[in-house]
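A.B. asks: Based on what follows, work out the 3D shape:
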Amino acid sequence: SWWANILPIEKNNNDFSLNLRYRGQSREALDIGAPKLDRDAVMLIRNRLSRIYYNRNFFSYPLKLNFDTLRKLGLYKTITFGTSYVLSRLAPIKPEVSLQDFFINRFGGRLYRQFFKDYTEKVWGVPCTEISSEWGAQRIKSLSITKALWHAFKSSLGLVNLKAEQTSLIEHFVYPKFGPGQMWESVADQFIRNGGKLLLESKVEKITIQNNEMKLLLYKNADGQEHTLNGTHFISTMPIKDLVLASKDNWTQSMVNSAANLLYRDFITVGLLYRNEDLPRPIEDNWIYIQEPDVKVGRVQIFNNWSPYLVANEGMVWLGLEFFCKESDALWNMSESELKFLAQKEMQQIGLSSVEHAQDAVVIKVPKAYPGYFGDSYKNFTDIRQPLDQISNLFLIGRNGMHRYNNQDHSMLTAKEAADQIVSGVIDKDKIWSINIDDEYHEESK
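C.D. replies: As a prediction, this is how the structure comes out:
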């Protein structure tokens, strides 16, 4: 694979033939060892574990109907969830329009309200009734309560080899030793060595299009100086909203208005550094989905578990608390000290920290982190996409570039497909848009 030539997989003696499992898919680790001269320019093979934190208990993510889940839910909730699910299967909502319809049809109303509604609305800031069902198809594929019930029934009869199954379901992934930025810093270095020119801290101000071809763009650098740039092909990851506004002279006013009103969700990470003993229990997760309605935090990353090399001191745990908001929110406009206080307070409130203060803290704000699948403009998104696709030498890729909630892997695949088309001269933009439509890669459960 391409990335293995950038950062090879670190060899771990006899276990290098490890079969990687990730989100329901499996493949053997590539037999490419790290160069001896640079042991830092490597990918690590890491265990994957993400869980839901609800009612101060951990549950499997994606949710699984196993003994541990049923024990934590209790008999009453198990029966009501099961009854609700059966009713949803007997009388599904048709047509399936909203994300609420999507969840209820697959999990039943009770389970949806308990495990999906609050978290999803915390992420997006709008009711699930206002979010397109396409988001569910995009991000939550092949979840099946029917399969889970059948699996639980077979387990109760001793028809499943649980030990062998647990071994087979241990998921692994490859991860840059010093985080995802290391991959792209390495790519940038190689790009520059090959004669490429990388313009940092530069903003596109205006785009010129003639005869369905992008010809020229005007950009402003960090010093405020304006420059022009022409090219034969343009690959865009900038938000579609900004792309259309920068080239608005070429579009109808209705298209410009629709693009200008596309909605986004913004994102704040508060990094907290704790001593190991400050946490009441060791945490093995990469991510924890916080399904607690009494706090604002939506998700917690444990950076040590992505790579132990992200933390200098082995006696410390580096957490990233994720808050979802929009730039006009009071949360976004809190001071750094207020956000640090809020994050530490909520960690203690939900029982993930046993101390009032972390050893250190940092705040990072990310605008337009998630493209919104709601609002009137999104309903007319095809009217924005089609004219852009008609620009023969313009290729939209990535999450914001396509206004699509792709994960990082799918974003890289859209980039690869665009590059392959440019090199081959065979252009089929529908193939770029079809990535993450037909495959079964996202959060799958059995």
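A.B. asks: Which element is encountered next along the chain beyond the one helix or strand in the chain whose mean pLDDT sits lowest?
C.D. replies: For the chain, the helix or strand with the lowest mean confidence is helix 162-168, at a mean of 43 (criterion: mean pLDDT, DSSP states H and E). Note on helix 162-168: by DSSP states H and E, the next helix or strand toward the C-terminus is strand 171-176.
A.B. asks: residue ranges with poor pLDDT in the stretch 301-446 of the chain?
C.D. replies: The model of the stretch 301-446 of the chain has pLDDT under 70 over residues 437-446.
A.B. asks: And the stretch 51-200 of the chain, by the same measure?
C.D. replies: Looking at the stretch 51-200 of the chain by pLDDT under 70, you get 138-170.
A.B. asks: Give the burial count for Glu277, as a bare number.
C.D. replies: 10 (other CB atoms under 10 Å). From N, CA and C alone the C-beta is placed, and that goes for glycine too.
A.B. asks: right, I mislabeled it, should have said Trp2
C.D. replies: Trp2, neighbours per other CB under 10 Å, totals 9.
A.B. asks: My read is that it contacts Lys416, right?
C.D. replies: Yes. In this structure, Trp2 is within contact of Lys416 by CB atoms under 8 Å, at 7.2 Å.
A.B. asks: Go ahead and confirm Thr237 touches Gly401.
C.D. replies: Yes. Counting by CB under 8 Å, Gly401 is a contact partner of Thr237 at 4.1 Å.
A.B. asks: more neighbours, these two?
C.D. replies: More neighbours surround Gly401 than the other of Thr237 and Gly401, with 24 against 16 (other CB under 10 Å).
A.B. asks: Can you tell me the element Leu198 falls in?
C.D. replies: With DSSP H and E as the test, Leu198 turns up in no helix or strand.
A.B. asks: In contact with it, which residues?
C.D. replies: Leu198 makes contact with 188, 191-192, according to CB atoms under 8 Å, 6 or more residues apart in numbering.
A.B. asks: Report the secondary structure state of the nearest residue in space to Gln301 that is not next to it in sequence.
C.D. replies: Setting aside the residues directly before and after it, Gln301 is nearest to Gly320 in space (CB to CB, 6 or more residues apart in numbering), at 3.9 Å. In three-state terms, and counting by DSSP: H, G, I helix; E, B strand; the rest coil, Gly320 is strand.
A.B. asks: same thing with Val297?
C.D. replies: Assigned by three-state DSSP, the conformation of Val297 is coil.
A.B. asks: Verify the contact between it and Lys345 for me.
C.D. replies: No. Counting by CB under 8 Å, Val297 does not reach Lys345; the two are 10.0 Å apart.
A.B. asks: what about those two, which has more around it?
C.D. replies: Of the pair Val297 and Lys345, Val297 is the one with more neighbours under other CB under 10 Å, namely 23 against 14.
A.B. asks: which ones are touching the more buried one?
C.D. replies: Residues near Val297 by CB under 8 Å, 6+ apart: 290, 321-323, 343, 346-347, 350.
A.B. asks: Could you rerun that using 6 Å?
C.D. replies: With contact taken as CB atoms under 6 Å, 6 or more residues apart in numbering, Val297 is in contact with 290, 321, 323, 346.
A.B. asks: Go ahead and confirm Lys177 touches Val42.
C.D. replies: Yes. Using CB atoms under 6 Å, Lys177 makes contact with Val42 at a distance of 5.3 Å.
A.B. asks: Those two: which has the busier surroundings?
C.D. replies: A direct count of neighbours by other CB under 10 Å for Lys177 and Val42 places Val42 higher, at 21 against 18.
A.B. asks: Look up how far Leu99 lies from the more buried one.
C.D. replies: Counting by CB to CB, to the nearest Å, the separation of Val42 from Leu99 is 40 Å.
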